[in-house]
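**Student:** Show me the folded form of this:
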Amino acid sequence: MDVNTQARAAQAASRELAVATRAVKDAALHAMADRLVECAEEILAANKVDVQRVRDSGTADWMIDRLTLTPQRLDDMVAGLRSLAGLADPVNEVVRGWDMANGAHINQIRVPLGVIGIIYEARPNVTADAAGICIKTGNACLLRGSSHALETNRVVVAALRGGLASAGLPADAVDLVEGGHEVTDEMMTARGLIDLLIPRGGAGLINAVVNNSRVPVIETGTGNCHLFVDESADQQMALRIALNAKIQRPTVCNALETLLVHASIAEQFIPDLVEAMNAAGVTIHGDDASMGLDPRIVAASPDEYDGEYLSLDLALKVVADLDEAIAHIRAHSTGHSETIITSSIISERRFTTEVDAAVVLVNASSRFSDGGEFGFGAEIGISTQKLHARGPMGLTEMTSTKYVVTGTGQARA
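**Tutor:** Okay, here's the model as predicted:
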């Protein structure tokens, strides 16, 4: 089946979903979760096939980690669908309302977007999360997962479609787009059939979609996430948060990639940092100033301050003060998540005001930059752009609005 045919079927399904009640949509989410539980052995078996094929091809460890489903990760996918069912339905919510001078009344209400295409790499949990968020918000979705996760996604999508059908909603509201790069090109040119594209993955994928799509795009950027340890920081707190942000799951976009240390505490803090990070298997790549404070630090090349390691590696730099920290972040940030560890209200306010990112954290790990952690139930991605949606995208971000004007016969003079 070609993309346009799938998109037309999804468009028809989206019209049915747009008028479905919350009770019907929530029942469908629970049915989708039930099918994932019923198909758990089949899903995990398919995932083992994908993982082995990718491992044999010599793919990077971070990609294998993102691809791998464990029983716990599958349980999390199920829990995500069920948690979405427990959240308020944003569709038909009145954003604002007022009376015109002529007596007519205006309401701005939330409405579904229509058909959402998600183009993503390796992570089969995205398949369930994206489908669940779309169903809850009355949208149909076309899921273009990478070939790495093809067998897993086939089984997951079949289960989700079965759950939808059993709940009385059209199975075509969730569909898997298969094929080579040509199907991605078809999705990017399906203007009028697909209402929104969301790319999730590496910079190459995201840039290709943003630069070439004729369909509107929400950009989910890569995560070169920084942590700045201010001179007033509780250094033990800084160590705990840095360790969590780096090692809790190093292959994801909200993991710590660059750590900046105020020069006035560098001599005391950096040896403790290196000791803790090395003990956790992390290699620190530093500038000349940091290498002069600890021989275990290896030299960082200039481009290491611009990208994601997605591994147990960390870039380190000593900065003179808060001004230099903010300047460095402005020069190298991808606009994802930026953190300061400080006990100074002045430093906190300057950092949160002057740092331009989707999420800015104070004395907390960047691993909290996540829709589930924010209480959204799940997320469809983390937007690093500034229009319509920014940061973790949950239910509200997958809606648009329309104005409903109700009169009693008014005509404009």
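**Student:** Give me the contacts around stretch 356-375.
**Tutor:** Outside of stretch 356-375, the residues within contact range by Cβ atoms under 8 Å, 6 or more residues apart in numbering are 80, 83, 225, 227, 237, 241, 244-245, 248-249, 252, 254-256, 329-330, 333, 335-342, 348, 351-352, 377-380, 382-384, 390-394. Yep, even glycine has a C-beta here, placed from its N, CA and C like the rest.
**Student:** Show the average pLDDT along that stretch.
**Tutor:** In this model, stretch 356-375 carries a mean pLDDT of 94.
**Student:** May I see the buried residues of stretch 75-83?
**Tutor:** Residues of stretch 75-83 classed as buried under the neighbour-count rule (16 or more other Cβ atoms under 10 Å) are 76-78, 80-83.
**Student:** same question, stretch 32-43
**Tutor:** Burial within stretch 32-43, assessed by neighbour count using 16+ other Cβ under 10 Å, is assigned to 32-36, 39-40, 43.
**Student:** quick one: pLDDT of residue 413?
**Tutor:** At residue 413 the predicted local confidence, pLDDT, stands at 89.
**Student:** An error on my part: the question was meant for residue 98.
**Tutor:** The per-residue pLDDT reported for residue 98 equals 98.
**Student:** coming back round to it: from the buried residues of stretch 32-43, which land in helices?
**Tutor:** Counting by DSSP state H, the members of the buried residues of stretch 32-43 that fall within helices are 32-36, 40, 43.
**Student:** Take these and write them to TSV, including pLDDT and distance to residue 156.
**Tutor:** Conversion of these to TSV gives the following (pLDDT from 0 to 100; distance: Cβ to Cβ, whole Å):
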residue	pLDDT	distance to residue 156
32	98	10
33	98	12
34	98	14
35	98	9
36	98	7
40	98	11
43	98	6
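**Student:** Name the nearest of those residues relative to residue 400.
**Tutor:** When these are compared for distance to residue 400 (Cβ to Cβ), residue 32 comes out closest, at 24.0 Å.
**Student:** That closest one and residue 157 touch, don't they?
**Tutor:** No: in terms of Cβ atoms under 8 Å, residue 32 does not count as a neighbour of residue 157; the distance is 10.4 Å.
**Student:** what touches both of those two?
**Tutor:** By Cβ under 8 Å, 6+ apart, the residues touching both residue 32 and residue 157 are residue 131.
**Student:** Tally up the residues packed near residue 413, please.
**Tutor:** Here the number of neighbours of residue 413 (other Cβ atoms under 10 Å) works out to 4.
**Student:** returning to that earlier point: could you save the buried residues of stretch 75-83 as a markdown table and add columns showing secondary structure?
**Tutor:** As requested, the buried residues of stretch 75-83 are exported to a markdown table (DSSP: H, G, I helix; E, B strand; the rest coil):
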| residue | secondary structure |
| --- | --- |
| 76 | helix |
| 77 | helix |
| 78 | helix |
| 80 | helix |
| 81 | helix |
| 82 | helix |
| 83 | helix |
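**Student:** closest to residue 317 among these?
**Tutor:** Taking Cβ to Cβ as the measure, residue 76 is the one of the buried residues of stretch 75-83 closest to residue 317, at 34.9 Å.
**Student:** And the helices in the stretch 201-350 of the chain, which stretches?
**Tutor:** In the stretch 201-350 of the chain, helices defined by DSSP state H, counting those that start in this stretch lie at 203-212, 235-247, 263-279, 288-291, 322-332, 345-354, listed in chain order.
**Student:** And the longest one, what's buried?
**Tutor:** In terms of neighbour count (16+ other Cβ under 10 Å), helix 263-279 has its buried residues at 265-266, 269-270, 273-274, 276-277.
**Student:** so which two of the residues you listed are the farthest from each other?
**Tutor:** Taking Cβ to Cβ as the measure, these have their most distant pair in 265 and 277, spaced 16.5 Å apart.
**Student:** In a markdown table: the buried residues of stretch 75-83, plus pLDDT and distance to residue 295.
**Tutor:** Supplementary listing: the buried residues of stretch 75-83 in a markdown table, determined by pLDDT from 0 to 100; distance: Cβ to Cβ, whole Å:
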| residue | pLDDT | distance to residue 295 |
| --- | --- | --- |
| 76 | 93 | 41 |
| 77 | 95 | 45 |
| 78 | 96 | 48 |
| 80 | 92 | 45 |
| 81 | 95 | 50 |
| 82 | 95 | 51 |
| 83 | 93 | 48 |
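**Student:** tell me what the helix or strand of the chain with the lowest mean pLDDT is packed against?
**Tutor:** Among the helices and strands of the chain, helix 61-67 carries the lowest confidence by mean pLDDT, DSSP states H and E, at a mean of 87. Secondary-structure packing of helix 61-67 (3 or more Cβ pairs under 8 Å, 6 or more residues apart in numbering; DSSP states H and E): helix 40-56.
**Student:** Can you report how many residues lie near the residue nearest to residue 310 when sequence neighbours are not counted?
**Tutor:** In this structure, residue 310 finds its nearest non-sequential neighbour in residue 62, 3.9 Å apart by Cβ to Cβ, 6 or more residues apart in numbering. Other residues lying near residue 62 total 19 when counted by other Cβ under 10 Å.
**Student:** What of the one 3 residues further on?
**Tutor:** Residues near residue 65, counting by other Cβ under 10 Å, number 17.
**Student:** who's in contact with it?
**Tutor:** 249, 251.
**Student:** Hmm, residue 142 and residue 6 touching each other?
**Tutor:** Yes: the pair residue 6 and residue 142 qualifies as a contact (Cβ under 8 Å) at a distance of 6.0 Å.
**Student:** any common contacting residues for these two?
**Tutor:** Here residue 6 and residue 142 have 175, 177 as joint contacts, going by Cβ under 8 Å, 6+ apart.
**Student:** Looking at the spatially closest residue to residue 322 that is not a sequence neighbour now. What's its pLDDT?
**Tutor:** Beyond its immediate neighbours in the sequence, the residue positioned closest to residue 322 (Cβ to Cβ, 6+ apart) is residue 347, lying 5.5 Å away. In the predicted model, residue 347 carries a pLDDT score of 98.
**Student:** From residue 263, how far off is residue 347?
**Tutor:** 14 Å (Cβ to Cβ, to the nearest Å).
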